[in-house]
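S.K.: give the three-dimensional model of this entry:
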Amino acid sequence: MDTKTRLFEDAFNLLCGDKLGEGYSREVFSCTLRPDLVVKVEASETRRFANIHEMKFWDDNYYRKKISAWLAPCEYLSPDGRLLLQKRCDPIPSSMKMPSKVPSFLADVKRENFGLLGKKIVCFDYAITILNPSTRLKKSHLGD
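M.R.: Residues are numbered from 1 along each chain as shown. Predicted coordinates:
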């Protein structure tokens, strides 16, 4: 094993704890350095840039309370986008009622993409979103 591979493994083991889940292009681990975070690791084979999309959506909208209230905050993205640190959410108990409506900017809406941040239900997998979350339609007066 070469030095670069050993260094990567050491860094990965320092940062990543137990595997919490996985999706199409990412695996999610507990963060050993900060228990309030998770580490999302994008698979090098797929490179769907899910971490980059998620971080960009958070950065573009964290100050917009009507949007950010629905999202688990992202804190750090590695320079190549393969690692994302995000606030850790707790699982939603099966007895808890899910919201009957969610914002239309969330495109991949399924129970397993949501969790509890404190006592609030938020989406922690929002790599697939409508990029311009201002989806309310209004009359444009273009035809007047």
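S.K.: give me the below-cutoff pLDDT ranges for this protein.
M.R.: Residues of the chain meeting the criterion pLDDT under 70: 46, 132-144.
S.K.: repeat that with 50
M.R.: By pLDDT under 50, the weakly predicted segments of the chain are 135-144.
S.K.: quick one: the strands in it?
M.R.: Taking DSSP state E as the criterion, the chain carries its strands at 16-22, 26-31, 37-42, 74-77, 83-87, 114-117, 120-123.
S.K.: what pairs with the second one, and is each one parallel or antiparallel?
M.R.: Sheet pairing for strand 26-31, assigned by DSSP bridges, gives strand 16-22 (antiparallel), strand 37-42 (antiparallel).
S.K.: how many neighbours does residue 118 have?
M.R.: Applying other Cβ atoms under 10 Å, we find 8 residues neighbouring residue 118. For glycine as for every other residue, the C-beta is placed from the backbone atoms N, C-alpha and C.
S.K.: oops, could you answer that again for residue 107 instead?
M.R.: Neighbour tally, residue 107, other Cβ under 10 Å: 10.
S.K.: name the nearest residue to it, ignoring sequence neighbours.
M.R.: residue 128 (4.5 Å; Cβ to Cβ, 6 or more residues apart in numbering).
S.K.: quick one, what contacts the one you found?
M.R.: Residue 128 sits next to 53, 107-108 when contact means Cβ atoms under 8 Å, 6 or more residues apart in numbering.
S.K.: quick check: beta-bridge partners of the nearest residue to residue 34 once chain neighbours are set aside?
M.R.: Nearest residue to residue 34, sequence neighbours excluded (Cβ to Cβ, 6+ apart): residue 85, at 7.7 Å. Here residue 85 sits in beta bridges with residue 39, residue 76, going by DSSP bridges.
S.K.: and if you look at residue 27?
M.R.: Partner residues in beta bridges with residue 27, using DSSP bridges, are residue 22, residue 41.
S.K.: wait, it touches residue 50, no?
M.R.: No - Residue 27 is not in contact with residue 50 according to Cβ atoms under 8 Å; the separation is 11.3 Å.
S.K.: who has more neighbours, these two?
M.R.: Per other Cβ under 10 Å, whichever of residue 27 and residue 50 has more neighbours is residue 50, with 22 against 15.
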